[in-house]
Structures are given as structure tokens and as C-alpha cells.
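Chemist: With the input below, show me the fold.
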Amino acid sequence: MSSPHANGLNGKHEEDDLITESPDELSDSDEEKEPEDSSPHALEEHTLNNGHTCNEELEHDEPEDSATERGTDGEYEEEDDDEEEEDEEPALKYERLGGVVHSLLQRDSASAIAYANQRLALGTHGGKLHILDLSGQHIKSFDVHSASVNDISIDSTAEWVATASLDGQVVAHSLSTPETYVFDMKRSLRTVALEPNFAKSSTRGVVCGGMAGTLILHEKGWLGYKETVLHANEGPIWQVQWRGRLIAWANDSGVKIYDTISQTRITFIDRPPDSPRADLFKCTLYWQDDSTLLIAWADHIKVARIRARPRSTASPSANQPPLVVEITAVFQLDCMIAGIVPHPTPSSAMVSIPPPSTTTVISPSQASFTSTATTSTSAPPALTAFLLLAYTPPDASLLAGQEATEDRAAQARKVAERPELRIVSRGGEELAADALGIAGYERWGCNDYVLADVEAGSVAGAERYYVVLSPQDVVVVKPRDWRDHVSWLVERKRYEEALEEIERQAAMGVTAGKGEDAVDAVEIGQRYIKHLVGESEFAKAAKLCPKVCGQDAKRWEDWVFVFAQKHQLRVIIPYVPTESPTLGHLVYEMVLAYFLAHDRHTLLQTIKTWPKGIYDISAVIIAIQAELDRAPSSSSMNSNSPDTVILMECLAELYTMNRQPGKALPFFLRLRRPNVFDLIREYNLFTAVQDQALLLVEFDHELMEKRKKAGEEVDMKQSAAITLLVDHIHSIPIARVVQQLQNRPYYLYLYLDALFSKDSHLTSEYADAQVKLYAEYAPQRLIDFLRASNYYSLEEAYKVCSERDLVPEMVFLLGRMGNNKQALTIIIERLGDVSRAIDFAKEQHDDDLWEDLLKYSETRPPFIRGLLENVGAEIDPIRLIRRIRNGLEIPGLKGALIKILHDFNLQTSLLEGCQTILDGDCADLAKQLYKDQTNGFSLSAKTPCPICSLPLYQTPNTLTLLFLCRHVVHAHCVGRAEEFADLDYASGGYQRISGRIALVATLRGRIGQGCPVCRKNGEGGRA
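Modeler: Next up, the predicted model:
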């Protein structure tokens, strides 16, 4: 049984009971009845079959006898049937109209209601009329009648409202002005209808009828209102409805429709046969549109369609009405109908109305109906389902007209059943049925209920809904939207479908709403997770957590702890966020503790991937270290236990993350991890490894061996460990490394060789050891070392080379020791390489050594030819040729001599060319010098002397000296003034050319050292 709040029922009457009932069983087969049977279920065109109901309830005030009556066995059996159908969602939701309605109905009982243009008009049995807005708030009230208000009509603008009462009066009120129209008909009235556009119409027509059996149309003329009798003498007028140009009314005979334009009655629709009394079971008329009339009378429904009469050329009928009516559908139900309105539904099985086969031609008298008729002919309005207010009579005698009886038990008033709202398709299928918990329903009859529809209007987001009126209650009936659908799913614990619906609406851009209508997807998700956990569907619940918890860290933590308590932590771990949001340290430490106990491989991956700072690293280190200490092989440096290896990797990662690389280094070395060198450089751990040089080198060579076996090209001399040790000799002393590598000579060779390549002076103390290491591991590089180093012992080095028969190195060492002849002898006798012998003689610059080489070559033609081919400045070719004995056969002698002559000619040509170039350059430079020295330049009397900085011109007799370097100085700045005192250079004898030449010669002799400015500049000074 669902909660009343699921249908949107407010808490206006908290004391009301909550009841759910199914409608009575419908007749099994109408075909078994004869057509003339007096039963109200007589077969018409369609018989409504019984369908299942989706019952929703309203809270209401209920007497104790009603509550007791609900406890009968029959109703409990119905509840059992409802349980089988409880999974079908209701189509409507219900709530009581708020505002002042409750207080109004406590003082009076309602009798009629009408709606137009966002306003409700409520009539009471006390003769009052209340105008309300759609929320139930009071707008205006009128005390208009002395008896019950039977009917209300509002024009389309909601400016005028008319009431019909048992006191025989019709009163039309203006809601904005004091204007009022009163029509006294002298007999009690049952119905009234205003002209649809009453406020703007000039005629302001009012049509009414009642127990007098006369339907009267009141129209305003020049002299006031005039009355027109539209119908009379067929019993009371029970209902009248005015739409456009048509007026429809119902009396005891049936339903008639009147055309106000042609002023003719266009049709008569029979009352259903054997219908019960109309005063007990009313007729309801509803204009669905301008051409469709819904008729509900007793247990029958008829749909009438009005269209223009086709013009027939064969049998013209001038007196026939311009419109015709056809009945498109007839239904018979198993209940009385207290109200009917169209209800839109996308999935109803509708009965289509076939359009006419011929085109309708409209006569001039039918012009005002042209738009309606043609529209209905070409494109019929969209068909809808019917929303019915169903009433089940408590006493079958009322249906058969057998009220008179002498049986006291039969005379007792029967308790009425709950009214129902049913949705019926045009195909006759019952789509939904809800029993309404109307307050005091036990006392009300069929005519006490009214069903009105409220149009959606032009308000954004507004929807069409309905109002059900009873004497003590006004219930608002609304179609259920997606929020109600979600609430219904949640009540039935179908949380997954509810969340899917919310996501679907969000994808379409529909928001969850605000206030009371808001849909809390998070709360639904919380309940769904709780439900899944209760059903032990932990994997599904964990997968849902990211959507539900989102960025809420507290909610995440709560669910993680729940999973931990259920021993299902492994299920939710993959979904636990590490950022956005970041949870508390305890959650992540709990996850790591779980991995430490159950899955250490995942523990290592988690430590590597999780960001720093989200958990207490020190606490995790302590836990893992304790586990490692308990491992039996943790003390072994070469442990092969997988668990031990993983734990050491975890500790190494954690120490690195915790900025303790020094503590991580031993684990990386034990694990033989290649990143150990990067770690040492990154964190400057050179002092920490100065005693582990051998371990580092061994580890590095193991890595290179693995890469070599894997097929990679590896240079064993390019050792990362050796490079590290060499690059940081200040933090890792050389002597300390040499001491550790002493027992591994190959590693020592690599280390000393790298040091020597960096700086030959670094290995000066270990030069003798290097000679042995080179001779052992790189003989081809020994000669380079011997040439580059000056720190080794020549005797020891020669001894090492002699032991290994390294002839080139022995020759080099003998040369270094000054034993050139023995070295030359070894070259000639052991190597037989004349080029090497010549190179050796050139290096030593010893003429005796050349003589020995020439003497040795006298009897060896290959050596003679080699000397001739390589002769140069060190040896005169004539000297060599003269030593050749006559008759000695020398292969290639001719070629060697030709080469000597060619080289000589080439050398002579080069010398001559160079001489020519030099002569030309000298001539050009001499011309440029002469030009520069003889060119004039600008000079004034105020030009300062470069020596004393005083002006050059001081007195007419001032002697200034001009040098070819263009420096002009005072004569007394060059030497002492008395050296030039005896020179009378101002006399006339020096004015002639010969005198000037004599003066210059005298000055040059006394100056002696040339320009003083250039001299000082050359000495590094500044003039």
C-alpha cells in the first residue's frame, strides 16, 4: 500500500483515514442479457470490459461506522487482489485544494463548481458564491440566493459568472463592476449557461432551465432583455451547455442541440433505454471542442460529432437544419457517471472517426460554421481518452425504480461506496481506475459530485488538471509527471529505474526542480545503495557510489566504513576517489592495510599511483616494516621470496615519497633497481654510497649483462656506476674507491681509466698500477697512456711490457729512457718497419741515430727504398745515395728517385711562388705607408699636446715637432729645453729648404728615440 504523499496529497486533514479499494467487478458478459432487459448494463454499441485498477487514496475525515465497514472480509479480499497489481503505476495524483476552501466547507457544503481563465467559482447549498484562484485563495464572495446553487457558468474571460438556484433565480454577476442581472423564473432551476463571449457580446445571452421543463434564452435588446423559449413540455431541464453557436441541453427525453445562428434545433439524441431517475443520476454534457459533444448519462457515454450538412443536388431540402450530428462512439459502463472530461493520453487505444467521403458544400446560411465544419472534415481534432467520475449506487432498487417497499431493512439508507476516477480510452479499454477518499463519501449520492477541468493556460510549465467537488471536499486531480514517476518507483524500491529516469530527464535538459517538487537524486541513490547492501549486492552498490557520493567526502567515508564492516572492502576500493574529493587519512590507510593483508602486488601499485599526502606515510611504513621483519628471509641480501621483494619495493617507494631517500637506497640496491643511480643524483646521496662503490659497480654490470642477453647493444665500458663515482670525486674520495675495488682489478681498471680520461693528474699515485691494468685489459691503449702520463716508473713499465712482449711500448720506453740505439735495433729487428724506424729517428732528433739507421740500411734494399721514399729535411738524399754500393739491386729504386726529384721540383716551385707573393705584398704596403705619411691632416693652434696637454701654439717662437706617425708634440716635451736652446729656428737661415733640412737633421740627431707618444704606447703607458 503506497503512501498518500506519493500522490501529492498535502497534510490538510491529518486525521483522515487512508483507504485503498478496487472498483466493483464489472459484468462478465453483457451478451447474456436481452436487449429489453431493465438492467442498467444493457448492451449498447460498446460494452466496457473489466480492467485492473491502480488505486490511489486521499486522506479524509471518516466516521467510525465507515471505518468499521472497511474491515469486512470482502474488502480484505479486494486488498489481496490489489497486491498483485500494485506494480502498475497510477496515472493521476491527488491533493486537496488549499487556501480558504477547508474553512469555507466547514461552515457550508459545496454544490457546484466552474472554471474559466485561472479562476474557480464555488457555489454552496447556502446560496453563496465564492470566487477563488487556483491555489484556493479567496478573491470575492456573493450572497446571491436563498437556496442551494445548482449550477454555475463563467464566460471565457472570467469577467461574468452566472448561478442557477433552487430559489428559481438566475443571477449574473460582474467580478470587476457592480453590474448584475437577475432573472426570476418562479420555479427551481437546475442549470444555466452564459453566452461564451458574454462580457464582449452585445446580446449577453443567458440560457437556463429547471423543474418547469422550459429552456429559456434571455438576450439583451434595445428595450432590455427578451425571453425566447427554446424548448418545453418534455420534463425538467437537467443540464445545458453553450459552446460557440451551439446550445446543448438534456431533459427526460434525451439531449437536444440548438443552432443559435440558424435558430433551429439540429438534432435529438435519445436517452438511454431504462435509464434510472435523472434527479438521482444526472446527465453530464461537455463540449470537447466546437464540434464534439460528450454525453454521459447514467451508465452510458455517447460521443456526438457535429458537421455541416452536405448539399445534395438530387433531393434538395430547404427546411433541413444546416448542421448534422453523428454519434461516433457509445459505451456502457458498470457504474453511474457523475462527470466526464477529455483526458489526453499518449498510449490509449482510440477509436478513429472516418472522415466523410465527400466534400461538404456550405450554404450562405451556414457561413458562420464554415471554419469549424471544414476543419473537422479535413483534419479531425486529436482524439483523447475520457476521464470519468464513476459512482456505484449502494442500492440496486434505485436503478430499477423500486424505491417503494415495506421492508424496513430495505428502506434503511445504504452507505455509499467511494467514487472512482477512471481513464477510459475511446476504444473502450479501461486504462486506470482510482478510488477517491472523499470526505463523507458514505452520505453522498451521484448528483452530489462535480468534475471540472482546468485548462493549462499560457503560464510556462502549466499543465491541464481537474477538480472533483463533493459537498465537503474539493480534490485537485493532476496527471502524474516524471517526478511522481520517480517517487512511485522509490516507494516500490525500484531505485535503479528511478535513477535512470532522473538521468534521462537530465539528458533532455529537465532540472530536478526546487522546493517541494525537487527530486533528490542523491537521497534516492543513498537509499538504493542501502537496499543493495541489504540484499548483499555489494558489487552493484559499490559501482553506484561514484554517482551518488560525488564530491561529498563525508558520504564517501560513511559508505566505505559500511563496506568495511560488511567485510566487503575489496569491492568498493576500485571506486574510492583519491582527489576531488580527498577523503580522510583513515580511509586510505584502511585500504592499504587491506592490501597488505590480502594483495601485496596491488599494495605496491596503489602506493605508486596514489598521490602523496592523502595518507600518513610514516604509519604505513611502520606497518610494512613490521610485516617485513616477520618474513623469514628478510635478513638475506639476495632474498628471492616474492613477498619479501614486494615489501622491500613498498618501503623503498614510501621512503622516497617521505623524503627519506637515504633509507630507501639500501632497499633499491638489494632489489637491483636500475633507478638507483638516478635516485643518488636526484637526492645527492653521494656520501651515503662512498663505502658501497663495489656494490654499485657490480650492480651496474649485472644490469648491463641482462640488457646484453636481451639483445641490446651495450658498451661495457660505459658504466653508470663508474661515471657516478668519477663525477663526484669530492664526495666519494678516490682512495676510498680504489681500496674497495682493489680485489676486482677489472673494475679498478675501468675506474682509473675514467679518471685518467677526465684528468691525467688524478691518477698520478696509481700510474704504475695503471700500466699493469692497461697491459692486462687494454694493451692497445697502453701506448697512449705511456705517452700521456709522466708519473709511472719507466723501468717498471718496461718490465711489464717485456713480460707481455709489447714491442711498440718497449720501443717507446727505451726512447724515453735514452737508449735510442737499442730501441732502433728492436724496431728494425723485431718489427722490420722502416717507416716506424724513420719516425722514431725523427722524434729523437739525433744525428748519430740517423747514421746508425743508414749504416744498418746499406745491406737491406727495402730499408734503402723506404728511406728514399721518406727522405726529407732530416736527411740529405745525396748522403743516402752515396752509401749505396755498386751492384746492389734495390727494387723500386727508379720510382723512389723519381719521387725525390719530383718533390724537389715541387719544393722549388713553392718557394719561388712564395717569394713572388712576398715581393708584391711588400711593394703594396710600402706604397700605402708612403701615402699615409705624406697625406695632410687638420691641426689648429688650440690642439693639445699629447704629452703635456697644453695647446701646441703658445708663442710665435714655440717649436713643435711633427712625426711621420702624425703625432705633433712640443719640442721641449721630447727632451730638455736646453738641448734646443742653441737652435735659432726663427732666423731667416732656416726658412729656405736647405736650412729646413739641416734643422730636421739636427733635431733627429738630438731626439734619438723617435716619437715619444708611440714609444710610451708601446711600453704600455698612455701619452
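
Chemist: Roughly how far does Gln526 sit from Thr511?
Modeler: Relative to Thr511, Gln526 is positioned 20 Å away (C-beta to C-beta, to the nearest Å). C-beta: built from backbone N, CA, C; applies to glycine.

Chemist: need the contact list for the closest residue in space to Tyr777 that isn't next to it in sequence.
Modeler: Excluding the flanking residues, the one nearest Tyr777 by C-beta to C-beta, 6 or more residues apart in numbering is Tyr749, at 4.8 Å. Listed by C-beta atoms under 8 Å, 6 or more residues apart in numbering, the contact set of Tyr749 reads 770, 773-774, 776-778.

Chemist: Can you flag the buried ones in those residues?
Modeler: In those, burial by neighbour count holds for 770, 773-774, 777, counting by 16 or more other C-beta atoms under 10 Å.

Chemist: Measure how buried Arg504 is and give me the count.
Modeler: For Arg504, the count of nearby residues is 11 (other C-beta atoms under 10 Å).

Chemist: Next, it: secondary structure please.
Modeler: The three-state label given to Arg504 by DSSP: H, G, I helix; E, B strand; the rest coil is helix.

Chemist: Could you do Thr825 as well?
Modeler: helix.

Chemist: Pro674 now?
Modeler: coil.

Chemist: for the nearest residue to it once chain neighbours are set aside, phi and psi?
Modeler: Closest residue in space to Pro674, ignoring its immediate chain neighbours: Leu703 at 5.6 Å, by C-beta to C-beta, 6+ apart. Dihedral angles of Leu703 (phi, psi; degrees, to the nearest 10) stand at phi -60, psi -40.

Chemist: Would you mind finding the longest helix in the chain?
Modeler: The residue-count maximum for a helix in the chain (DSSP state H) belongs to helix 893-934.

Chemist: how far does that one sit from the chain's center?
Modeler: Centroid separation between helix 893-934 and its chain, computed with C-alpha atoms, centre = their mean, to the nearest Å, is 84 Å.

Chemist: give me the element Ala390 is part of.
Modeler: Using DSSP states H and E, Ala390 sits in strand 385-391.

Chemist: Pull the residues that contact that strand.
Modeler: Residues contacting strand 385-391 (C-beta under 8 Å, 6+ apart): 23, 281, 294, 296, 301, 333, 335-345, 348, 350, 416, 419-426, 431, 433, 445-446, 449, 451, 453, 466, 468, 477.

Chemist: Buried members of these into ChimeraX, please.
Modeler: Buried residues within the contacts of strand 385-391, by 16+ other C-beta under 10 Å, are selected in ChimeraX with:
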select :23,281,294,296,301,333,335,336,337,338,339,340,341,342,343,345,348,416,419,420,421,422,423,424,425,426,431,433,445,446,449,451,453,466,468,477
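
Chemist: In helices, which of the contacts of strand 385-391 fall?
Modeler: Among the contacts of strand 385-391, no member falls in helices (DSSP H).

Chemist: give me the number of residues near Glu843?
Modeler: Residues lying near Glu843 (other C-beta under 10 Å) number 12.

Chemist: For Ile783, see how far away the residue lying closest to it once chain neighbours are set aside is.
Modeler: With sequence-adjacent residues excluded and distances taken as C-beta to C-beta, 6+ apart, Glu843 is closest to Gly815, at 7.0 Å. Per C-beta to C-beta, Gly815 is found 12 Å from Ile783.

Chemist: Repeat that for Tyr391.
Modeler: Counting by C-beta to C-beta - Tyr391 and Ile783 are separated by 124 Å.

Chemist: neighbour-wise, which of these two wins?
Modeler: Tyr391 (25 against 17).

Chemist: Next one: the more buried one, what pLDDT does it get?
Modeler: Per-residue confidence (pLDDT) for Tyr391: 90.

Chemist: Same question for the one 4 residues further on.
Modeler: At Asp395, the predicted lDDT confidence score is 74.

Chemist: so what's it up against?
Modeler: Each residue near Asp395 by C-beta under 8 Å, 6+ apart is listed here: Lys414.

Chemist: Next: Glu326.
Modeler: So Glu326 contacts 304-305, 307 (C-beta under 8 Å, 6+ apart).

Chemist: isn't there a helix covering it?
Modeler: No. According to three-state DSSP, Glu326 belongs to no helix; its state is strand.

Chemist: Look up the residues forming beta bridges with it.
Modeler: Glu326 has these beta-bridge partners by DSSP bridges: Arg305.

Chemist: From Leu853, how far off is it?
Modeler: In terms of C-beta to C-beta, Glu326 sits 141 Å off from Leu853.

Chemist: returning to that earlier point: could you export the contacts of Glu326 as CSV, including neighbour count, pLDDT and distance to Gly244?
Modeler: Output for the contacts of Glu326, formatted as CSV (neighbours: other C-beta atoms under 10 Å; pLDDT from 0 to 100; distance: C-beta to C-beta, whole Å):
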residue, neighbour count, pLDDT, distance to Gly244
Ala304, 21, 93, 14
Arg305, 19, 93, 14
Arg307, 20, 90, 13
